[in-house]
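Peer 1: need a 3D model of the sequence below.
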Amino acid sequence: MSYTVATLSQLPPPEFVEDISVEAIFQHRLDTLRGVDPELADSLRVGDPTYNNILQAAMREALLRQRINESGKAVLPAYAKGADLDQLGARYKVLRQEVHPGNPNATPPADPVMEDDDSFLERILLAMEGQTNAGTEASYRFHALSSDSQVLDANPRSPSPGRVEISFLSREGDGTASTELLNRVTTYMMQPHIRQITDEVIIQSATVTTYRIEAVLKVSAGPTASLAVEAARKAAQEYVSSLHRMKVIVPISGIYGALQQPGVVSVDLKSPAANINPGVTGATYCSAIELTMEVVDG
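Peer 2: Model (predicted):
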């Protein structure tokens, strides 16, 4: 059975997070006043000083409760972002990787590019597997993802007893690993605390299937026609970038959906003509998006 990483979006919301309503807090405070001084509470009108004091106190309490909600969520993997996620990773001795070093001497200075939250979170969730000495699929995946900051994705598999093949995708270019990166990952993965003594571990670059998107977009006539095409191009780029992972199929239905932006009447997709399945040791890469605009009335 293949390992699974918890799908955090499917977890129920934490019970400590409460719904906040200024109106409900205000009514509660008003009811409390009514228990102490019914006559004053019943005589209050909008704009009265006491009414305004109760209202502003209710608003401040709502802000405080919201801050408590946010503080509690910040220590949960499903909600933590940025520095909060770094603190969670530190619990498991998993640090955010530096993808690009930046250049402080450039004009303007370029800050280092760090691992994004989604990739970092996955490694945190896999961290416990990384501590096993049983050579599990998840363990090999965790170590492969942690082997080098230029590793975007990795897929281990065992095609036969005692043989482990780990295919990985590079962050550079189309995802094909360079010889230098392949050597670095191999050296890392062959450490005795990672590679099981009974396993023959093969480290290899992903087989990358390159494709292009070519489509004719029929758009409504008007000043926003070109904007609709650019929106479609941006959506398509974001979509294919999300598919640039190991084993992920490129469905043409998804490409149609990405291109069908507001203002686009219809999409005539020329390429690809069918779904692209890169296989268990492969990945896909979109090398170009070529969109032709055809303006139509209506």
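
Peer 1: which phi and psi does the residue lying closest to residue 213 once chain neighbours are set aside have?
Peer 2: Sequence neighbours aside, residue 289 is the residue nearest to residue 213 in space, at 4.6 Å (criterion: CB to CB, 6 or more residues apart in numbering). To be clear about C-beta, it is placed using only N, CA and C from the backbone, and glycine gets the same treatment. Main-chain torsions, residue 289, degrees, to the nearest 10: phi -130, psi 110.

Peer 1: residue 289 is in contact with residue 212, isn't it?
Peer 2: Yes. Counting by CB atoms under 8 Å, residue 289 touches residue 212, with 7.5 Å between them.

Peer 1: list the residues that contact residue 93.
Peer 2: Residues near residue 93 by CB atoms under 8 Å, 6 or more residues apart in numbering: residue 127.

Peer 1: how close does it get to residue 293?
Peer 2: Separation of residue 93 from residue 293 (CB to CB, to the nearest Å): 52 Å.

Peer 1: quick one, which of residue 289 and residue 212 is more surrounded?
Peer 2: Neighbours per residue (other CB atoms under 10 Å) separate residue 289 from residue 212, with residue 289 holding more: 18 against 12.

Peer 1: so which bits of stretch 240-251 are buried?
Peer 2: Of all the residues in stretch 240-251, those buried under the rule 16 or more other CB atoms under 10 Å are 240, 243, 244, 245, 246, 247, 248, 250.

Peer 1: swap that for stretch 144-158, sorry
Peer 2: By 16+ other CB under 10 Å, the buried positions in stretch 144-158 come out as 144-156.

Peer 1: over to stretch 287-298?
Peer 2: For stretch 287-298, by 16+ other CB under 10 Å, it's 289, 291.

Peer 1: can I get it in CSV, CA atoms only?
Peer 2: Backbone C-alpha positions of stretch 287-298 (Å, rounded to 0.1, in the frame of the first residue of the first chain) are rendered in CSV as follows:
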residue,chain,number,x,y,z
SER,A,287,7.6,24.9,-23.0
ALA,A,288,5.3,27.5,-24.6
ILE,A,289,1.8,28.9,-24.7
GLU,A,290,0.8,30.3,-28.1
LEU,A,291,-2.7,31.9,-28.1
THR,A,292,-4.3,33.3,-31.2
MET,A,293,-7.1,35.8,-30.7
GLU,A,294,-10.1,35.8,-33.0
VAL,A,295,-12.6,38.6,-32.3
VAL,A,296,-16.3,37.8,-32.7
ASP,A,297,-19.5,39.8,-32.3
GLY,A,298,-21.8,39.1,-29.4
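
Peer 1: all strands for the stretch 151-298 of the chain, in order.
Peer 2: For the stretch 151-298 of the chain, applying DSSP state E, counting those that start in this stretch gives strands covering 151-160, 163-170, 200-205, 207-220, 264-271, 282-296.

Peer 1: what angle separates the shortest one from strand 163-170?
Peer 2: By that I understand strand 200-205. In terms of direction (axes from the mean of the first three to the mean of the last three CA atoms, to 10 degrees), strand 200-205 departs from strand 163-170 by 20 degrees.

Peer 1: do the first one as well
Peer 2: With the same axes, to 10 degrees as the criterion, the two stretches strand 151-160 and strand 163-170 enclose an angle of 160 degrees.

Peer 1: and strand 151-160, what does it pack against?
Peer 2: Judged by 3 or more CB pairs under 8 Å, 6 or more residues apart in numbering; DSSP states H and E, strand 151-160 is in contact with helix 137-147, strand 163-170.

Peer 1: average pLDDT for it?
Peer 2: Strand 151-160 carries an average pLDDT of 95.

Peer 1: please list the outside residues in contact with it.
Peer 2: Strand 151-160 is contacted from outside by 119, 137, 140-141, 144-145, 164-171, 175, 181, 185, 206, 244-247, 280-281, 283, using CB under 8 Å, 6+ apart.

Peer 1: try the shortest one
Peer 2: Strand 200-205 has contacts (CB under 8 Å, 6+ apart) with 140, 162-170, 176-177, 182, 185-186, 189-190, 195, 281.

Peer 1: out of the residues you listed, which are buried?
Peer 2: Neighbour counting by 16+ other CB under 10 Å classes 140, 164-170, 176-177, 182, 185, 189, 195, 281 among the contacts of strand 200-205 as buried.
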